[in-house]
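In: no FASTA, just this:
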């Protein structure tokens, strides 16, 4: 076994399960191509049991000759797995509810059924030589003794990977580390662990990092964190956090993150928030005088990494909170050299204009302030 962390992107499956999101076939193929191009190692392409259209799309993705491994999502139902086999995949995810609340209210089943159905599904998949990832749905709310029994069963039946699903995002990073660490120590190293975190409390990325720290090798993510309710751990956040916080470079071409995020945002009709971590349009936009002064001297003073590393550019705005250094810098870019007195005088006028308009000033508006000042 290797210690390398593997990204499993499920934008085309869990991402599309976000309410109201529908990807056309050509969009799915384009997203798969982009994910593969930037170096994502695994792509969960969809749910064959949904019908012929989904099956044809998955077959089309498989025919693209991508480097990434392609998997499908399945219930622990023989027919689901059969349809996946017919699509031509070599890897399947088999999802089984393991919390009592899901077993009772979603399926009207019990723990015994979950264990028996899991064994039956794994045995069937292994007959076809498939790589099997068993997804423990709502694992974070399962009884710990039953979950460990479930995990050992999956391992004993020959499953290659166990996916721990924090289905409603209730875990904290501290709880996640403790649970995954215990799981890793109790089931040994014969089966890999994947973390699948939802973002209901805003901790999906942190929980994913905590799980990796505790021994999970696989991280389930989506572009922009797209997914049901508050979404999933975001691909771009997990990759960049591993790189810059944990010192783990996965070799992903992060310079194309903004391009990828914009495409998925357009295809899903879900705009990228301006302050979205890693790829938001405003995260390298600076206005505050102290911040801009620091940025102009050394960008790392107020930026954790260079903007071009994720396909963005730095922008300095002039507004209410700007300082005279920023004013001189921006006007110099406009081809005008200001004295210290001129920059201070113009700054006073800029602040008045910013308060009146409740925004930073555009280049044209700045030129208007300058011309008015010079004509006084």
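Out: Sure thing, it's come through. None of the values given here were measured: they were computed from a predicted structure.
In: got the buried residues for stretch 363-370?
Out: 365, 366, 369, 370 (16 or more other CB atoms under 10 Å). C-beta here means a position set from N, CA and C on the backbone, and glycine is covered the same way.
In: what residues does the helix or strand the second one falls within touch?
Out: In other words, residue 366. Assessed by DSSP states H and E, residue 366 sits inside helix 363-374. For helix 363-374, the surrounding residues in contact (CB atoms under 8 Å, 6 or more residues apart in numbering) are 318, 330-331, 334, 336, 342, 345-346, 349-350, 353, 357, 361.
In: how about a cut-off of 6 Å?
Out: 318, 346, 349, 350 (CB atoms under 6 Å, 6 or more residues apart in numbering).
In: picking up where we left off before, using a markdown table, lay out the buried residues of stretch 363-370 together with pLDDT and distance to residue 210.
Out: Formatted as a markdown table, the buried residues of stretch 363-370 follow (pLDDT from 0 to 100; distance: CB to CB, whole Å):
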| residue | pLDDT | distance to residue 210 |
| --- | --- | --- |
| 365 | 91 | 46 |
| 366 | 92 | 46 |
| 369 | 92 | 49 |
| 370 | 89 | 52 |
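In: average model confidence for stretch 205-216?
Out: On average, the pLDDT along stretch 205-216 is 98.
In: what is the nearest of the contacts of helix 363-374 to residue 254?
Out: Set against residue 254, the nearest of the contacts of helix 363-374 by CB to CB is residue 318 (29.7 Å).
In: which residues does that closest one bridge with?
Out: residue 361 (DSSP bridges).
In: and it, how many neighbours?
Out: Per other CB atoms under 10 Å, the neighbour tally for residue 318 reads 27.
In: cool, the one 10 residues further on as well?
Out: Look at residue 328: counted by other CB under 10 Å, it has 21 neighbours.
In: helices and strands around the strand or helix carrying residue 210, which ones?
Out: Element membership of residue 210 [criterion: DSSP H and E] is helix 204-214. Applying 3 or more CB pairs under 6 Å, 6 or more residues apart in numbering; DSSP states H and E, one finds that helix 204-214 makes contact with helix 173-187, strand 192-197, helix 235-244.
In: got CSV for the ones you listed, with distance to residue 309 and mean neighbour count too?
Out: CSV is the format used below for the helices and strands packed on helix 204-214 (distance: least, CB to CB, whole Å; neighbours: other CB atoms under 10 Å):
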stretch, distance to residue 309, mean neighbour count
helix 173-187, 25, 17
strand 192-197, 24, 26
helix 235-244, 8, 23
